[in-house]
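J.: sequence and predicted structure are below.
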Amino acid sequence: MTGVRKAAIIGGGVIGGGWAARFALNGWEVRVFDPDPEAERKIGEVLANARRALPGLGNVALPEEGPIRFCDSLAEAVEGVTWVQESVPERLDLKHRIYGHLMAVLPEGALVGSSTSGFKPSELQEGQARAGAIMVAHPFNPVYLLPLVELVSSGASAPEDIVRAQEILRDIGMYPLHIKAEIDAHIADRLLEAVWREALWLVKDGVATTEEIDEAIRMGFGLRWAQMGLFETYRIAGGEAGMAHFIAQFGPCLEWPWTKLMDVPELTDELIEKIAAQSDAQSGAHSIRELERIRDTNLVGIMRRLRWEDWGAGKVIREGDAAREADAGLVRHVDDVKDLSKPVLTQSRAVPLEWLDYNGHMTESRYLEAFADATDRLMEMIGCDLAYIEAGGSYFTAETHIRHLDEAKAGERFDIRTQVLVGEGKKLHLYHEMWAGERLCATGEHFLLHVDLKTRRSAPPAPELEVALGKLARAHAALPRPEAAGKVGRLS
Ligand SMILES: NC(=O)C1=CN([C@@H]2O[C@H](COP(=O)(O)OP(=O)(O)OC[C@H]3O[C@@H](n4cnc5c(N)ncnc54)[C@H](O)[C@@H]3O)[C@@H](O)[C@H]2O)C=CC1
Ligand SMILES: C[N+](C)(C)CC(=O)CC(=O)[O-]
């Protein structure tokens, strides 16, 4: 994205704090306006959780974190920004009042996204100067991890502004789903409201506790929804005959009294106390921040698996990785390496949450994963890419020696630089160094053999691969041989 990367967050509560973290961790300069004297502390805590979870979500480092400044006035907060995210409480009169002040100081060309869960953009725009600048940008908690943002526009917004809004939201790793029809609660909250109503009835009627309802979701259909949604899941449930058969079988149930959807349980004090007491019994052993960390760890695990599969939310993470590669200094071919006289950058990323162990640092098996990814990148750089492998040539690793020299923590950025010790004929001998800033955390020495995938035996590489590898190997031959190369180290 080109242009100024500076955003104002108006209202820094649960959602505004998540937005502040997402913008800052994606390199944006952030200004926050919130009269709550506790806002800075609260955002600091959200930011700490976000720093632990977000940087390691993808496989390519995020840009350097942008600064967050807390401002005393709306005017100060929006000075020079291109995006304003309003996240004040869900009251139309309050949002209107804020827009009234905002429009007087909003920089030319800046856009305003509202986090509103339910108001339509034309309701937000009523009576506002520059109404078209206001759109709904409805996120999902935790805003710093979940990609969906429902971007709802009214006819008042210029098409080019809608495109610009999408570009900005993509720049911070989000998936802007543009909804052209204005309805109360957009798409997702309309669906969530249906489930929420049913759950309230189930508790009120004494059918189930809050915990039993959560088990009914997280042990079953919740897991399906995370990766296939509703329609794709039910298509499979129709068996080989697919969706039409599913509807033929379950369509009649729609006439049966399966749902209480149109009735709303009255939120009496008694019902609220019942729900709150059950929720305390279910989850009260953990603080909210602890629950957030448990949630984030689980989400990162699920989303990184989806990234591996290039599926659903994982596709968005992959696209973000691809967009950041060049800025992180990563290249895909040896011809694009600027300086061949140094070990080449083969990884630039952060420690994912799922890589931690009981000692609170990156676990040993993940060092092999990180170095294996570095080897894969180097193979790709010399032309051993997927097309080459499909054509029948590849490398097999024959020997590995890893040294663990320093700790790496959740969310911590690291780079791997790779030196080719031998790159000749069938032989590929690599030496990786993993650096977290100035600290050398680990080294990995790997010996690989080029193979013919049909015979599964070692064989010489294709000539063009040999040329690319030779270029790197000749340049690295001038580098000093790493002291630890070829040694057993502390065991000896
Ligand atoms: N909590 C949730 O799960 C979600 C909420 N939303 C939406 O996000 C918006 C904010 O909700 P939450 O963050 O949950 O509320 P919240 O109550 O946690 O935060 C609201 C913040 O706005 C601040 N505020 C109040 N008046 C202000 C003013 N005049 N100027 C600047 N700041 C002011 C408050 O001090 C508070 O920090 C709402 O529109 C809500 O519908 C959207 C997605 C999910
Ligand atoms: C409960 N809620 C309506 C505020 C929920 C949302 O708007 C989105 C979410 O994060 O679930």
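T.: All right, it came through fine. Ligands and ions are numbered 1, 2, ... in the order given.
J.: in this structure, where's the longest strand?
T.: strand 439-452 (DSSP state E).
J.: run me through the strand neighbours of it, direction for each.
T.: strand 393-404 (antiparallel), strand 427-436 (antiparallel), strand 457-458 (antiparallel) (DSSP bridges).
J.: run the chain-centre distance for the shortest one.
T.: Computed by CA atoms, centre = their mean, to the nearest Å, the chain-centroid distance of strand 457-458 equals 40 Å.
J.: ok, the second one next?
T.: Here the centre of mass of C-alpha atoms in strand 427-436, compared against the chain's by CA atoms, centre = their mean, lies 28 Å away.
J.: and it, which residues are buried?
T.: For strand 427-436, burial by neighbour count (16 or more other CB atoms under 10 Å) applies to 427-436. Using the backbone N, CA and C atoms, a C-beta is placed for each residue, glycine as well.
J.: if we can go back for a sec, how about TSV for the strands paired with strand 439-452, with mean pLDDT added?
T.: Listed next are the strands paired with strand 439-452 as TSV, based on pLDDT from 0 to 100:
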stretch	mean pLDDT
strand 393-404	97
strand 427-436	98
strand 457-458	98
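J.: nearest to residue 164, out of these?
T.: Nearest to residue 164, of all these, is strand 427-436, at 36.4 Å by CB to CB.
J.: for that closest one, C-alpha coordinates in CSV please.
T.: This file holds the C-alpha atoms of strand 427-436, laid out as CSV (Å, rounded to 0.1, in the frame of the first residue of the first chain):
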residue,chain,number,x,y,z
LYS,A,427,26.2,-32.7,-2.5
LEU,A,428,24.7,-29.8,-0.7
HIS,A,429,26.2,-28.9,2.7
LEU,A,430,24.5,-26.0,4.5
TYR,A,431,25.2,-24.0,7.6
HIS,A,432,22.3,-22.0,9.0
GLU,A,433,22.5,-19.4,11.8
MET,A,434,19.4,-18.2,13.6
TRP,A,435,19.6,-14.7,14.9
ALA,A,436,17.2,-12.8,17.2
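J.: can you pull the contacts of residue 82?
T.: Neighbouring residues of residue 82 by CB atoms under 8 Å, 6 or more residues apart in numbering: 3-7, 107, 109-111, 168.
J.: which PyMOL command selects the buried ones in these?
T.: For the buried members of the contacts of residue 82, the matching PyMOL selection, counting by 16+ other CB under 10 Å, is:
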select buried, resi 5+6+7+110+111+168
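J.: what's the single longest helix in this protein?
T.: Criterion DSSP state H: the longest helix present in the chain is helix 288-309.
J.: quick check: end-to-end length of stretch 139-157?
T.: 19 Å (CA to CA, to the nearest Å).
J.: for it, give the mean pLDDT please.
T.: Across stretch 139-157, pLDDT averages out at 97.
J.: ok, now how distant is the closest residue to residue 259 other than its chain neighbours from residue 261?
T.: Using CB to CB, 6 or more residues apart in numbering and skipping the chain neighbours, the partner closest in space to residue 259 is residue 198 (6.6 Å). Separation of residue 198 from residue 261 (CB to CB, to the nearest Å): 7 Å.
J.: those two - which one has more neighbours?
T.: residue 198 (15 against 12; other CB atoms under 10 Å).
J.: and ligand 1, is the helix or strand where that one lies touching that?
T.: Using DSSP states H and E, residue 198 maps to helix 188-204. No: Helix 188-204 does not reach ligand 1 (CB under 6 Å from any ligand atom); its nearest approach is 8.0 Å.
J.: ok so, going back, tabulate the buried residues of strand 427-436 (a markdown table), appending distance to ligand 1.
T.: Listed next are the buried residues of strand 427-436 as a markdown table, based on distance: CB to the nearest ligand atom, whole Å:
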| residue | distance to ligand 1 |
| --- | --- |
| 427 | 56 |
| 428 | 50 |
| 429 | 52 |
| 430 | 47 |
| 431 | 48 |
| 432 | 42 |
| 433 | 43 |
| 434 | 38 |
| 435 | 38 |
| 436 | 34 |
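J.: name the nearest of those residues relative to residue 327.
T.: Using CB to CB as the measure, the one of the buried residues of strand 427-436 that approaches residue 327 most closely is residue 435, at 18.0 Å.
J.: the closest one contacts residue 414, doesn't it?
T.: Yes: counting by CB atoms under 8 Å, residue 435 touches residue 414, with 6.2 Å between them.
J.: what touches both of those two?
T.: residue 441.
J.: just the terminal-to-terminal distance for stretch 444-458.
T.: 22 Å.
J.: whoops, I mixed them up, stretch 455-464
T.: OK, stretch 455-464 end separation, CA to CA: 21 Å.
J.: residues contacting that stretch, please?
T.: 383-384, 388, 393, 425-426, 449-452, 466, 469.
J.: the same query, at a cut-off of 6 Å, please.
T.: By CB atoms under 6 Å, 6 or more residues apart in numbering, the residues outside stretch 455-464 that reach it are 383, 393, 425-426, 449-452.
J.: top of those residues by neighbour count?
T.: residue 450 (22 neighbours).
J.: ok, it touching residue 426?
T.: Yes: shown here, residue 450 and residue 426 form a contact pair, counting by CB atoms under 6 Å, at 4.5 Å.
J.: pLDDT at whatever residue of the stretch 301-450 of the chain ends up closest to ligand 1, what is it?
T.: Minimum separation of the stretch 301-450 of the chain from ligand 1 (CB to the nearest ligand atom) falls at residue 313, amounting to 16.9 Å. For residue 313, the pLDDT comes out at 97.
J.: which residue packs closest to whichever residue of the stretch 151-300 of the chain sits closest to ligand 2, ignoring adjacent ones?
T.: Proximity of the stretch 151-300 of the chain to ligand 2 (CB to the nearest ligand atom) peaks at residue 189, 4.8 Å away. Nearest non-adjacent residue to residue 189, counting by CB to CB, 6+ apart: residue 117, 5.2 Å away.
J.: coming back round to it: give me the distance between the residue of the stretch 301-450 of the chain closest to ligand 1 and residue 229.
T.: Counting by CB to CB, the gap from residue 313 to residue 229 is 11 Å.
J.: also residue 425?
T.: Applying CB to CB to residue 425 and residue 229 gives a distance of 51 Å.
J.: gap between whichever strand or helix holds residue 376 and the chain center?
T.: Assigned by DSSP H and E, residue 376 falls within helix 364-381. Relative to its chain's centre, helix 364-381 lies at 21 Å (CA atoms, centre = their mean).
J.: quick one: name whatever helix or strand follows that helix.
T.: Assigned by DSSP H and E, the successor of helix 364-381 is helix 386-390.
J.: okay, that following helix in PDB with CA atoms only?
T.: C-alpha atoms of helix 386-390 as PDB (Å, rounded to 0.1, in the frame of the first residue of the first chain):
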ATOM      1  CA  LEU A 386       7.800 -27.300  -6.800                       C
ATOM      2  CA  ALA A 387       8.000 -27.500 -10.600                       C
ATOM      3  CA  TYR A 388      11.500 -29.000 -10.400                       C
ATOM      4  CA  ILE A 389      10.400 -31.500  -7.700                       C
ATOM      5  CA  GLU A 390       7.300 -32.500  -9.700                       C
END
